[in-house]
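[1] What follows is a protein structure lacking sequence information:
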């Protein structure tokens, strides 16, 4: 019963957020206390300890009018979290935090972003 109440409250909060923001959800990514935190409408929906990540994969998704770049973080428990360039905080995260935690090539973003309609999936860091 508790889970139902929480889910109902989350649904209601998302609904009210969409009413205030012309039907749009707001997704964001931040780094807090060595955790990558994904939030929807200012509510934390998932997080992963950056010291528990075993691989980072990047790719593009073809969404017809644009191809956003995604990062997928896989942790040692087999859980994955995706973040994408349309999220609030994405640019700040890749500029300020990604290199602090993972030894990635500086040109990874340009390499994955080459060519229209090409996924360009690649692992950019592995433990």
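    Looks like it came in fine. Everything quoted here is computed from the prediction, not taken from an experiment.

[2] For residue 35, give its distance to residue 99.
    Noted for residue 35: a distance of 17 Å to residue 99, by Cβ to Cβ, to the nearest Å. Where you see a C-beta, it was placed from the backbone N, CA and C, and this is true even at glycine.

[3] Over to residue 9?
    The gap separating residue 9 from residue 99 is 38 Å, by Cβ to Cβ.

[4] Please apply the same query to residue 126.
    16 Å.

[5] Over to residue 36?
    According to Cβ to Cβ, residue 36 stands 14 Å off from residue 99.

[6] neighbour count winner among those two?
    It is residue 36, of residue 36 and residue 99, that has more neighbours when counted by other Cβ atoms under 10 Å, with 23 against 11.

[7] so is that one in a helix, a strand, or just coil?
    Three-state assignment for residue 36 (DSSP: H, G, I helix; E, B strand; the rest coil): strand.

[8] name the element residue 119 belongs to?
    Secondary structure from DSSP states H and E places residue 119 outside every helix and strand.

[9] Now do the phi/psi pair for it.
    phi -70, psi -40 (degrees, to the nearest 10).

[10] Wait, it touches residue 63, no?
    No. Look at residue 119 against residue 63 with Cβ atoms under 8 Å: they stay out of range, at 12.0 Å.

[11] Give me the more crowded residue out of those two.
    Shown here are residue 119 and residue 63; by other Cβ under 10 Å, residue 119 has more neighbours (14 against 10).

[12] how close does the spatially closest residue to the more buried one that is not a sequence neighbour get to residue 71?
    Leaving aside its sequence neighbours, residue 119 sits nearest to residue 59 (Cβ to Cβ, 6 or more residues apart in numbering; 5.1 Å). Note on residue 59: its distance to residue 71, by Cβ to Cβ, is 9 Å.
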